[in-house]
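1. One predicted model, sequence on top.
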Amino acid sequence: MAEARAARHLKDPPDLRDLLNLVASQAPHKCKDIGLQLKISLGELDSICTPNIANASNYYAKIFAAWKSQRRIDYSWGTLISILELPAVGCSDLADVLKTKYKDGAPEPSLPELMNEVASQVPHKWKDIALQLGTTYAEMEAICPTSLSEINNYYSQIFTIWKSRRKCPYTWNHLIGVLRAAAVGCNDIADNLEDLLH
């Protein structure tokens, strides 16, 4: 009966029991990395997490409860999956399992939409966004803009690399997660995208 009511879409809010069964049990050593990306403060995490992995479920329960109550970022499976895929967390295999379970019907972004909604809004964040989308340092050096007027061309290339290589999902949900990542810190742009998509 509970299974019938369980979330089945990336935009659905997760149930704590599912979070513990599907995430905490599979990545016990990642609770602090995930907590930071969920915008839980370092001080709060230090008071929750200790090196004792045997208690990882207890730590995760507190982290997920803080995520749900504080709502600093969207409380959904899509957000968590995007976080698991970030290089700072490095749990893309677990993200793939969750994506299979919680299907996303959202369309892929088009290049003009990406240029209008992201590139034009945060020209100074190109390097941070490129790294989060899996662009290598060598690729960044090869296409690095020499002036602000070249930023659009650079963004066009990194979005094209992201789409063609598919190191990480080519979806709006993933890009929203990237924009919310601590290394990027563009929550306002992520909020605007979520409003447009929903």
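-> Right, received. Where do you want to start?

2. surely I83 meets Q37?
-> Yes. Between I83 and Q37 a contact is recorded at 4.3 Å, counting by Cβ atoms under 8 Å. Backbone N, C-alpha and C define where each C-beta goes, glycine included.

3. any idea where the helices of the chain begin and end?
-> Secondary structure of the chain (DSSP state H): helices located at 2-5, 16-19, 31-37, 42-48, 56-70, 77-85, 92-101, 111-114, 126-132, 137-143, 151-165, 172-180, 187-197.

4. Nearest to S25, out of those?
-> Among the helices of the chain, the nearest to S25 by Cβ to Cβ is helix 56-70 (7.2 Å).

5. What is the closest one packed up against?
-> With contacts taken as 3 or more Cβ pairs under 8 Å, 6 or more residues apart in numbering; DSSP states H and E, helix 56-70 sits against helix 16-19, helix 31-37, helix 42-48.

6. most packed of the ones you listed?
-> Neighbour counts (mean count of other Cβ atoms under 10 Å) averaged over each of the helices and strands packed on helix 56-70 peak at helix 31-37, with a mean of 22.

7. what pLDDT, on average, does that one get?
-> For helix 31-37, mean pLDDT is 88.

8. what residues does it touch?
-> By Cβ atoms under 8 Å, 6 or more residues apart in numbering, the list of residues contacting helix 31-37 from outside reads 23-24, 27, 42, 44-45, 48-49, 56, 59-60, 63, 66, 80, 83-84, 86, 88-90, 180-182.

9. are any of these buried, and which?
-> Buried members of those, scored by 16 or more other Cβ atoms under 10 Å, are 23-24, 27, 45, 48-49, 56, 59-60, 63, 66, 80, 83-84, 86, 89, 180-181.

10. Pull out the buried positions in stretch 60-72.
-> Using 16+ other Cβ under 10 Å as the test for burial, stretch 60-72 gives Y60, A61, K62, I63, F64, A66, W67.
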